[in-house]
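J.: Okay, sequence plus prediction incoming.
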Amino acid sequence: MAEMNLVQAINGALASEMRQNNDVVVLGEDVGKVGGVFRVTQGLYDEFGENRVIDTPLAEGGIIGTAVGMALYGLRPVPEIQFADFIFPAFDQIVSEVAKFRYRSGGEYTCPMVIRTPVGGGIRGGHYHSQSPESLFIHTAGLKVVCPSNPYDAKGLLLSAIRDDDPVLFFEPKRVYRAVKAEVPEEDYTIPIGKAKVVREGNDVTVVAWGAMLFEALASATEVAEQGVDAEVIDLRTLWPVDIDSIVESVKKTGRLVIVHEAPKACGFGAELLSLAVEKCFVHLEAPPVRVTGWDTPFPYTLEMEYLPLQHRITPALLETAQYVP
Amino acid sequence: MAEMNLVQAINGALASEMRQNNDVVVLGEDVGKVGGVFRVTQGLYDEFGENRVIDTPLAEGGIIGTAVGMALYGLRPVPEIQFADFIFPAFDQIVSEVAKFRYRSGGEYTCPMVIRTPVGGGIRGGHYHSQSPESLFIHTAGLKVVCPSNPYDAKGLLLSAIRDDDPVLFFEPKRVYRAVKAEVPEEDYTIPIGKAKVVREGNDVTVVAWGAMLFEALASATEVAEQGVDAEVIDLRTLWPVDIDSIVESVKKTGRLVIVHEAPKACGFGAELLSLAVEKCFVHLEAPPVRVTGWDTPFPYTLEMEYLPLQHRITPALLETAQYVP
Amino acid sequence: MQTQTQVVPIRTPEQSSGDDIPTVLQPDGTLNEAHDPKLELSEVLDLYKAMVRTRVIDGQLERLQRQGRIGFHIGSLGEEACIIGSAAAMREQDWIFPCYREFGALLWRGFPLQSYVDNMYGNVDDVVQGRQMPDHYTGRPYRFGSVSSPIGTQITQAVGFSWAAMSKGSDEVSSVYFGEGATSSSEFHTGLNFGGVMNSPTIFLCRNNRWAISVPSEKQTASESFAAKGIAYGVPGVQVDGNDVLATYKVVREAVEKAAKGGGPTLIEMLTYRVGGHSTSDDPRAYRVQDEVERWRKTDPILRMKLHLEKIDAWNEEQDEAFKKECEAELKACIKAAEAKEKPPLETMFDGVFAEKPWHLEEQQAELLSGPRAKDHH
Amino acid sequence: MQTQTQVVPIRTPEQSSGDDIPTVLQPDGTLNEAHDPKLELSEVLDLYKAMVRTRVIDGQLERLQRQGRIGFHIGSLGEEACIIGSAAAMREQDWIFPCYREFGALLWRGFPLQSYVDNMYGNVDDVVQGRQMPDHYTGRPYRFGSVSSPIGTQITQAVGFSWAAMSKGSDEVSSVYFGEGATSSSEFHTGLNFGGVMNSPTIFLCRNNRWAISVPSEKQTASESFAAKGIAYGVPGVQVDGNDVLATYKVVREAVEKAAKGGGPTLIEMLTYRVGGHSTSDDPRAYRVQDEVERWRKTDPILRMKLHLEKIDAWNEEQDEAFKKECEAELKACIKAAEAKEKPPLETMFDGVFAEKPWHLEEQQAELLSGPRAKDHH
Ligand SMILES: Cc1ncc(C[n+]2csc(CCOP(=O)(O)OP(=O)(O)O)c2C)c(N)n1
Ligand SMILES: Cc1ncc(C[n+]2csc(CCOP(=O)(O)OP(=O)(O)O)c2C)c(N)n1
Ligand SMILES: [Mg+2]
Ligand SMILES: [Mg+2]
């Protein structure tokens, strides 16, 4: 076992899967020689050559469109979109084609692929290097959406995603690309898609988070513990299909729910999580579930730390929710 | 006053605004000579000429991208996307550019335009001529989203939208394009963006709907009235920014809420509406709010009437919600 | 300093053959030996019959739609030669990525007529389980793609697919159909550009039928031709008389053989004309003059071939009538069978969104099945 | 049957001038009179100074970023001539739509250096209120667009903008910058196609600096040149030595005058080279050989012009040093001022999402203002 950061864990998982499965190909802008602008694909070009690690022309629609063709043929493409903010030129291919191929062809064609892309803010990226567009893909039937928070999960989830017979959006929280380190086993292991993880048990209030915000949620949980509030923190890991059982179980126990995400509030995934909790746990809710999210503005540059739902905003939400009396 | 259908009302509103304001231009695929595949722009080409009613090449990104340029210059473009299902090639322009222009330029540039596009199912359109993508645009800060249900509102809302200094997505419920008729005054009038309408008052349960589904909701309200349930029906008209006051007022009165929309459930606008109701009316809720929506599948062809949240599905939801005892 | 280019211009009907665009089948039915692909007579007859069958089916389906028995049809009246000729030029191991107007190519590939008709009805035996509109078929066993409405999306897919084959050492080639309107789509641009850079064995088949619904090809681009667009991508661009099934066959076949040998993609502009409406939802009288249609009718691909076959005594009027009747009868039987079939069962709504049904679809399926049924109005 | 085309190929540094690509400024500083735009000496000096100033600013900002005082900078080392020459060719009434590498053009237009530096710091005086990354400026009063990161989106916008001007009877022309990598984007395709069809007065300025981050131009397209792509759209395509400020000026100015007279758009491929990294986030040693950089350095646009000015006794080393010092001093003062300024106030976060603040943003603003402040770590 070696200590790795998120970049290394993903890089290692890609390399090991490419060694085991000749059908796995990586494609995207700058993924080749230079190994990606975040160096997540570093070394792959040298090891696997330009037929399996493809520097594409600058067109996200082409990256996904050709990846669809590869998947239809039987390869397992792992396209990279350089920043999630730049996924929109490929949006038509993803929502109209990738998501619907199995369904619309009566199962004759399938389109398994893992679309890797860095998400989230806190890296001084401003409008176009900070966004978290997960809810757009969750709304689109036919896609799975994953977002690991740490190197161990990242490897296990990426291996599951590549082996999955359905297309997976694999969002990588770039703020913690190098900040979070963990022991990652060298051997093959998978973490099932669709299973959340309770990373801190507690009885008073449930916090649901993922990606970089998980650490903010955990910090808040520690902070409120000092004030006698015992928070349970769930790392979703898979956003869709969400692990409803883990959420329901926790909310039934605590009766209180705080959801944290970076994306804007309106029609963000928090709205779906809140709605599911209400639909499934109405009588158990002792306080209104709360969303702590990015504001409904474009993602700002200078004030980004005031935009993000960090510890300073999660903590009061936890306290208020835990202490709520109708 | 003349009786008109939705197509005629929108057509008339476009013509009258183009007469009053030389800066208004219409552009899109087939909007010219033939007047649009639904004939909504019929006659405009003859009256205003090819410099104000522009048949574009087949590229939605180009329709919106050039419309952005026109708006920056000072025109008021009203681009048409032939079906909302085909808005995705323009998605990048809409979410990255149209929505963010005012904000990112510190207000130096603004991007007022009305993107008209038919939405919704029930016309045997299958996957790609039936979708309702409103929640994707609501999630994107900087856009207003409107969806009229009837000719009277359509005219008043379209005139407001064209005169609005912000970009507006104007969704036209194609299932009722010709089915709904109403008296439409010839003179100029506007309906404010951001104001819903209570189209049926009631005390037992609130139903929120818009577009073609409004009529299904109304039919259900009538149906449940026979069983003693008095439903209040709200036609949202503007989806975003939503008229929160009307919703809160109604839910505080009824304590019960049913939301109806055609789009898939997961991360649909219903999730946001439900969340807002919970956040603002928690103590007033006597039953869990309910979403009656399209299923989380691609939009089907043969079984479309079983996909849509029609009267047969709204009625039981109303009864259950109204009769819910915790 | 200007880049120099000589490109063949967009053509009128009278210019769509001859000169620098080689023809095989002359309007009077004689053959231009120079460009003749030299097929066996039986093969030529097969091409002819496939075109006739396509036209018969088109006529009938249009009628069915008028009668309200099917919801929609998108036909290929006048475009039969470029569709059948290009499909026939693909070798057995090759793959076809359709646009939406190529059911003739689908049937050429051996797709059962009954399955096609079942797709028109979206019934229980429809391969795609009634999930898509009529004419949105899928035919993987026949090495045929899946029709999607959004314009152009199949183009990049065909590139990735054939590149994948090549990367695996296979000589499978893909062809991909699209209209001249679709050349404006971003997918055309990206597909051609990626195809050029990746040297993929892809045959880009542009059916230039002169119209994109109501938009004439002159408003689609200021380029002198659609074939010339290949220059932007380092992809050879070729124009062919798309109303000449033999010339189309030859040009496409050569491109396929070149691609299979690692020679890379070719863009082929097939000059033809959409004689009918865009689809059953369209009435072209609202935007084009009948004279133009008549001029193109003179280049009719079926007529030309028939003259030829008659000239060489390989076919006669009697046989023609009999064959059409046969096609009609076959189709009628399929229609009858299709109309007798059930809709796809309710629970299929939730199948195949994912490989395995997740909890939320299980829940929704249960809700649908236990709930009331819709009145089946529209 | 092949479409015939002669297109000038992608160039090595040694080929980026001469032959069929006219130069004005020869490497030894002599002038090629034939193509000389014949500017006043004072104008030529202004061009030179603008290039030098741009380079001085680039150097300083890179240093600031290394010191952690600004977050990011994207420079134009080696590309000064094509940026300044093309900006100078735009008439007062014309508009410039930038990519992200043309702060030199912004300053040429009269945008105050202090404002530019405020943008680098995203402080309270930043025109865009610290909402965007450094080098994402907006300059409407200077008829200059708004920088956006997504590649290519400005191209269709510049088309619509200049078309709008034309439709109103104005003779305003727009120019729009993009890199050669951006020619692969759908927006390039759509912009050129719409521009061609609409005959918009748009000058498409492709800075072919040979690299798109780590991707060399040969991997971007199989086309023989980027100028040749104009053929696909009926838009004249021109190559120019982009390291020759006078040649660039001339070619762009001619295109502007043609466009202003209703002659339609022109695509201009400016041959240049990105001598530095893509941005301060990039280290090009990871993907390219130093030799290539050195070869391009020999074509340096500033050096060439300096030789010329010295040759005609219009400039000397002493003046050069003094001018650079002046630029440095001016910049340092701006930096000092910028660093002393506050951040934009908190409440500006919610301004300008819409013309008027809707209820939900009022609520969120109140929540932010009444809530605790973030620790300002990253
Ligand atoms: C992205 C997208 N935009 C618009 C449409 C609507 N539409 C369907 S067919 C068509 C015209 C296509 O013309 P062309 O490519 O020439 O093909 P043809 O129909 O002539 O065979 C249009 C605009 C669509 N299907 N997809
Ligand atoms: C849609 C999109 N995809 C990817 C990126 C990331 N990116 C920024 S610059 C760049 C390369 C651009 O190269 P080129 O167009 O040649 O311009 P240059 O930087 O060389 O001036 C890339 C890939 C982006 N900004 N937008
Ligand atoms: Mg066509
Ligand atoms: Mg470049």
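T.: Arrived safely, thanks for sending. Ligands and ions are numbered 1, 2, ... in the order given.

J.: Burial check on residue C:333, number of neighbours?
T.: For residue C:333, the number of neighbouring residues by other C-beta atoms under 10 Å in any protein chain shown comes to 13. C-beta: built from backbone N, CA, C; applies to glycine.

J.: now it: how far from ligand 2?
T.: 53 Å (C-beta to the nearest ligand atom, to the nearest Å).

J.: Confirm that residue sits in a strand?
T.: No: counting by DSSP: H, G, I helix; E, B strand; the rest coil, residue C:333 falls outside a strand, being helix.

J.: for stretch C:12-27, what is the average pLDDT?
T.: Here stretch C:12-27 scores 78 as its mean pLDDT.

J.: so where's chain C uncertain?
T.: Counting by pLDDT under 70, chain C has low-confidence residues at C:1-11, C:18-19, C:376-378.

J.: Now do the contacts for residue A:194.
T.: A:144, A:238, A:241-243, C:358 (C-beta atoms under 8 Å, 6 or more residues apart in numbering or on different chains).

J.: Pull the most distant pair out of those residues.
T.: Within the contacts of residue A:194, two members stand farthest from each other by C-beta to C-beta: A:144 and A:243, at 12.3 Å.

J.: Among the contacts of residue A:194, which lie within strands?
T.: Among those, the members falling in strands (DSSP state E) are A:144, A:238.

J.: Could you export the contacts of residue A:194 as JSON lines, including distance to ligand 3 and neighbour count?
T.: As requested, these are exported to JSON lines (distance: C-beta to the ion, whole Å; neighbours: other C-beta atoms under 10 Å in any protein chain shown):
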{"residue": "A:144", "distance to ligand 3": "37", "neighbour count": "24"}
{"residue": "A:238", "distance to ligand 3": "43", "neighbour count": "25"}
{"residue": "A:241", "distance to ligand 3": "41", "neighbour count": "21"}
{"residue": "A:242", "distance to ligand 3": "44", "neighbour count": "24"}
{"residue": "A:243", "distance to ligand 3": "48", "neighbour count": "22"}
{"residue": "C:358", "distance to ligand 3": "41", "neighbour count": "19"}
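
J.: CSV for the contacts of residue A:194, including distance to ligand 1?
T.: What follows is the contacts of residue A:194, written out as CSV (distance: C-beta to the nearest ligand atom, whole Å):
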residue, distance to ligand 1
A:144, 25
A:238, 31
A:241, 29
A:242, 31
A:243, 36
C:358, 29
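
J.: ok, the contacts of residue A:194 vs residue D:243, which is closest?
T.: Lowest distance from residue D:243 to the contacts of residue A:194 (C-beta to C-beta) belongs to residue A:144, with 49.5 Å.

J.: Could you report the pLDDT at the residue lying closest to the closest one once chain neighbours are set aside?
T.: Excluding its sequence neighbours, the residue lying closest to residue A:144 (C-beta to C-beta, 6 or more residues apart in numbering or on different chains) is residue A:168, at 4.5 Å. For residue A:168, the model assigns a pLDDT of 99.

J.: I'd guessed residue A:168 sits against residue A:145; true?
T.: Yes: counting by C-beta atoms under 8 Å, residue A:168 does reach residue A:145; the two are 7.3 Å apart.

J.: For chain C, see how far away residue A:182 is.
T.: From residue A:182 across to chain C, the span is 28 Å (C-beta to the nearest C-beta, to the nearest Å).

J.: and that residue, which of the three is it?
T.: Taking three-state DSSP, the label given to residue A:182 is strand.

J.: any idea where the strands of chain C begin and end?
T.: C:4-6, C:95-97, C:138-139, C:144-146, C:174-179, C:202-208, C:211-212, C:215-216, C:237-241, C:266-271.

J.: what's near enough to touch residue A:145?
T.: Taking C-beta under 8 Å, 6+ apart, one finds A:134, A:137-138, A:168-169, A:171, A:238-240 in contact with residue A:145.

J.: Compare those and tell me which is most surrounded.
T.: residue A:169 leads those on contacts (other C-beta under 10 Å) with 30 neighbours.

J.: who touches the residue nearest to the spatial centre of chain A in this structure?
T.: Compute the mean C-alpha point of chain A, and by C-alpha atoms, centre = their mean the closest residue is residue A:147, 1.8 Å away. Residue A:147 makes contact with A:119, A:134, A:170-173, A:210-211, A:236-239 under the criterion C-beta under 8 Å, 6+ apart.

J.: Let me know the pLDDT of the closest residue to ligand 2 within the stretch 101-250 of chain A.
T.: The stretch 101-250 of chain A approaches ligand 2 most closely through residue A:128 (6.9 Å), counting by C-beta to the nearest ligand atom. pLDDT recorded at residue A:128 is 97.

J.: of all of the stretch 101-250 of chain A, which residue lies closest to ligand 3?
T.: residue A:104 (23.1 Å; C-beta to the ion).

J.: That residue: neighbouring residues, count only.
T.: 30.

J.: so residue A:259 is in which element?
T.: Per DSSP states H and E: residue A:259 is located in strand A:257-264.

J.: chain center to that strand: distance?
T.: 13 Å (C-alpha atoms, centre = their mean, to the nearest Å).

J.: and the following helix or strand past it, what does it pack onto?
T.: Next helix or strand after strand A:257-264 toward the C-terminus (DSSP H and E): helix A:269-281. Using 3 or more C-beta pairs under 8 Å, 6 or more residues apart in numbering or on different chains; DSSP states H and E, the elements in contact with helix A:269-281 are helix A:134-138, helix A:244-254, strand A:257-264, strand A:290-294, helix B:269-281, strand B:290-294.

J.: Kindly present these as TSV, with separate columns for mean pLDDT and distance to ligand 1.
T.: Converted to TSV, the helices and strands packed on helix A:269-281 look like this (pLDDT from 0 to 100; distance: least, C-beta to the nearest ligand atom, whole Å):
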stretch	mean pLDDT	distance to ligand 1
helix A:134-138	98	18
helix A:244-254	98	35
strand A:257-264	98	27
strand A:290-294	98	31
helix B:269-281	98	24
strand B:290-294	98	21
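
J.: Noted, bye for now.
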